[in-house]
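>>> Below are the sequence and a predicted model; questions follow.
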Amino acid sequence: MLGITGNLKSLFGFGSKAETRQSAPKEEGDPTDSVTLATPEPKPAIIRRKATGIAAEYRDNFDFQDDMKALAQKHPGQVKLFELGRSVQGRVISGMSIGTGPIGLVVTGMMHGCEWTGGEAAFELGKKIAEQRPDLMDKMTLHVVPVSNPDAQEVSRGVLHGYRANVNGVDPNRNWPTNWGTNEITPQKFCHEIGGTGEAPLSEPETQALNKLTGEEYKTKGWLDLHSYGEFFVHPESERPEKYEALIADMQKATSKPYDSMKIQDHQDITGSLAEHCESLGIIAVGAELGTKHQPKGEEREATIQDGVNLGMAFVEHLAKS
Ligand SMILES: [Zn+2]
């Protein structure tokens, strides 16, 4: 596994309460001026790390913010930005909505921070639809969140390339309310090596942020969650198996390599997963494990991301019709 033996708290400032936004400028004569306020805790700034090695081939959270903003400026009315919340350390969790149609669809990347190809594929799928598929734009609205777990992304861009949990040691894909708890392979509550369940369902700011996408305003009918790796699809147990079979068959046709399909329960007996929670809400949810590495280089990087875009497009096309 990751072999973490040092003191993570001191190494990364884990557990610190970060907040980087400036407080709103006060109007003159603001009544709070006269109130003695408690001295705020010192707030560590979110520092942008210079990318080195393999990390230089992948966007960081700042790059994704910049690229989503540029796309929204290029396609006003068709691409809109949204913010869902902040991570444990105060990093922004945000996305872009593509299209104006009545069927809400979601694609998320990097719920596990070290799974970099999913973030790239999620963004590129949104961009491709915005620039090349006007036919889909009035049928559906695709909500794209490239980086669901930005603190772990940042940790994995440093020395711990395999870091997947959030910085509290909770796996964001074991922290959802449906069937939440422990099983043989998910440690209870906290584990910095593979992630635990958390103290309670939706205990973490990252899952609380993503959970907003199940709210009414997003009209979510389908959710594609991009992970790595293994070249297979996972889906929850469902009373409507034929819907999953038809959808996954379309997605399988879109990949350059044969992608297997399995139920979450058959794969690792996972509990508290996003997909199971979506299914309980009537949202059809598929996880895709892209490629054969978390952080492939060069041509393999390109091919893995392209598979993610293509299977994502099949997901969107299939559900935009329904
Ligand atoms: Zn994952």
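Ah, there it is.
>>> Pull up the residues of the chain that are close to the ion.
Contact residues (C-beta under 5 Å from the ion) of the chain with the ion: 112, 115, 227. C-beta here means a position set from N, CA and C on the backbone, and glycine is covered the same way.
>>> Now intersect those residues with the helices, please.
Applying DSSP state H to the residues of the chain next to the ion, no entry is found in helices.
>>> So what touches the strand or helix carrying residue 251?
Assessed by DSSP states H and E, residue 251 sits inside helix 241-254. Residues outside helix 241-254 that contact it (C-beta atoms under 8 Å, 6 or more residues apart in numbering): 233, 235, 238, 258-259, 261, 284, 286, 288, 307, 310-311, 313-315, 317-319.
>>> Okay, strands next: where are they in the protein?
79-86, 92-98, 103-109, 140-145, 220-228, 232-235, 260-263, 284-290 (DSSP state E).
>>> TSV please, covering these and showing mean neighbour count.
Shown next, in TSV, are the strands of the chain (neighbours: other C-beta atoms under 10 Å):
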stretch	mean neighbour count
strand 79-86	18
strand 92-98	24
strand 103-109	26
strand 140-145	27
strand 220-228	25
strand 232-235	22
strand 260-263	15
strand 284-290	24
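>>> how about those strands, which one is nearest residue 49?
Of all these, it is strand 92-98 that lies closest to residue 49, at 15.9 Å by C-beta to C-beta.
>>> got the CA coordinates for that closest one in CSV?
Provided in CSV are the C-alpha atoms of strand 92-98 (Å, rounded to 0.1, in the frame of the first residue of the first chain):
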residue,chain,number,x,y,z
VAL,A,92,-12.8,24.9,-4.1
ILE,A,93,-15.0,22.1,-5.4
SER,A,94,-16.7,23.4,-8.6
GLY,A,95,-17.9,22.6,-12.0
MET,A,96,-19.6,23.7,-15.2
SER,A,97,-23.1,23.0,-16.6
ILE,A,98,-23.2,22.3,-20.4
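>>> Report the buried residues of stretch 148-165.
Neighbour-count burial for stretch 148-165, counted by 16 or more other C-beta atoms under 10 Å, picks out 148-157, 160-165.
>>> With stretch 247-260 instead?
Residues of stretch 247-260 classed as buried: 247, 248, 250, 251, 252, 254, 255, 259 (neighbour count, 16+ other C-beta under 10 Å).
>>> Surely residue 277 touches residue 174?
No - assessed by C-beta atoms under 8 Å, residue 277 is found out of contact with residue 174, at 10.9 Å.
>>> higher neighbour count, those two?
Between residue 277 and residue 174, counted using other C-beta atoms under 10 Å, the more crowded position is residue 174 (27 against 24).
>>> That one: what's its closest spatial neighbour, skipping adjacent residues?
Leaving out its chain neighbours, the residue that sits closest to residue 174 by C-beta to C-beta, 6 or more residues apart in numbering is residue 272, at 4.4 Å.
>>> In this model residue 172 seems to touch that neighbour, though I could be wrong.
No - with contact defined as C-beta under 8 Å, residue 272 does not reach residue 172; the gap is 9.8 Å.
>>> what about these two, which has more around it?
Each of residue 272 and residue 172 has its neighbours counted (other C-beta under 10 Å); residue 172 has more, 29 against 25.
>>> Please tabulate the residues of the chain next to the ion in TSV, including the columns pLDDT.
TSV is the format used below for these (pLDDT from 0 to 100):
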residue	pLDDT
112	97
115	98
227	98
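>>> where does the residue nearest to residue 174 sit relative to residue 187, distance-wise?
Using C-beta to C-beta, to the nearest Å, residue 272 is found at 12 Å from residue 187.
>>> and the closest residue to residue 270 other than its chain neighbours, what is it in contact with?
The shortest distance from residue 270 to any non-neighbouring residue, by C-beta to C-beta, 6+ apart, is to residue 264 (5.1 Å). Residues near residue 264 by C-beta under 8 Å, 6+ apart: 234, 235, 236, 237, 270, 273, 275, 276, 287.
>>> Sweet, I'm off.
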